[in-house]
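*Asks:* Structure, please.
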Amino acid sequence: MPVIRQSRRFKDISLSFRRHPVTNDVVAITNEDAIKRSVRNLVETINNERPFNSLIGSEVRRSLFEPADNDILTRLEIEIETSIKNFEPRVTLTEVVASHPPDTNEITVEIKYDIIGLALETQELTFILQPTRE
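*Replies:* Down below sits the predicted model:
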């Protein structure tokens, strides 16, 4: 009979690149924090931004300069879903909701997902996208 694992451990480096006070190594983030960082990075990464893998990323940043209406919000939701499903195998996506608060120049994104291999409740990530010039 095959052994079935119930839990896994996920580990990524922190993008702050701070040093651990004891080991002097780069600080690591683990489990749900690592996955949360990864999901947000996927949404905010522009296609062709990562060397050697031009497919990673999404077109979300390019859509932020268009007037926010239901069509743009739906397109953003689909783009985010596609990016996460294609490039983050550690999660099962539950829901993506993009909304535009009135009288603001921003879009609020709420992403709900389950982490594969960890017995945790559904994770929720909410952040604001604002158009900025590079």
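*Asks:* Surely residue 123 touches residue 32?
*Replies:* Yes: Residue 123 is within contact range of residue 32, at 5.8 Å (criterion: C-beta atoms under 8 Å). Placement of C-beta: from N, CA and C, glycine included.
*Asks:* between those two, what contacts are shared?
*Replies:* residue 115 (C-beta atoms under 8 Å, 6 or more residues apart in numbering).
*Asks:* ok, the residue most central in space within the chain - contacts?
*Replies:* Computing the C-alpha centroid of the chain and ranking residues by C-alpha atoms, centre = their mean puts residue 39 first, at 1.8 Å. Taking C-beta under 8 Å, 6+ apart, we find residue 39 in contact with 84, 88, 91, 111, 113, 125.
*Asks:* same question, residue 49
*Replies:* Contacts of residue 49 (C-beta under 8 Å, 6+ apart): 56, 57.
*Asks:* A strand includes it, no?
*Replies:* No: with DSSP: H, G, I helix; E, B strand; the rest coil as the criterion, residue 49 is located in coil rather than a strand.
*Asks:* Could you pull out the strands in this protein for me?
*Replies:* All strands of the chain, identified by DSSP state E, fall at 11-13, 28-30, 91-99, 107-115, 123-129.
*Asks:* out of the ones you listed, deepest packed?
*Replies:* Ranked by mean neighbour count, the strands of the chain are led by strand 107-115 with a mean of 19 (mean count of other C-beta atoms under 10 Å).
*Asks:* what angle sits between that strand and strand 91-99?
*Replies:* Relative orientation of strand 107-115 versus strand 91-99 (axes from the mean of the first three to the mean of the last three C-alpha atoms, to 10 degrees): 160 degrees.
*Asks:* Adjacent strands (with direction) for strand 107-115?
*Replies:* strand 91-99 (antiparallel), strand 123-129 (antiparallel) (DSSP bridges).
*Asks:* Residue 83 against residue 55, yeah?
*Replies:* No: using C-beta under 8 Å, residue 83 makes no contact with residue 55, being 9.7 Å away.
*Asks:* which non-adjacent residue is nearest residue 111?
*Replies:* Distance criterion C-beta to C-beta, 6 or more residues apart in numbering; nearest residue to residue 111, sequence neighbours excluded, is residue 125 at 4.6 Å.
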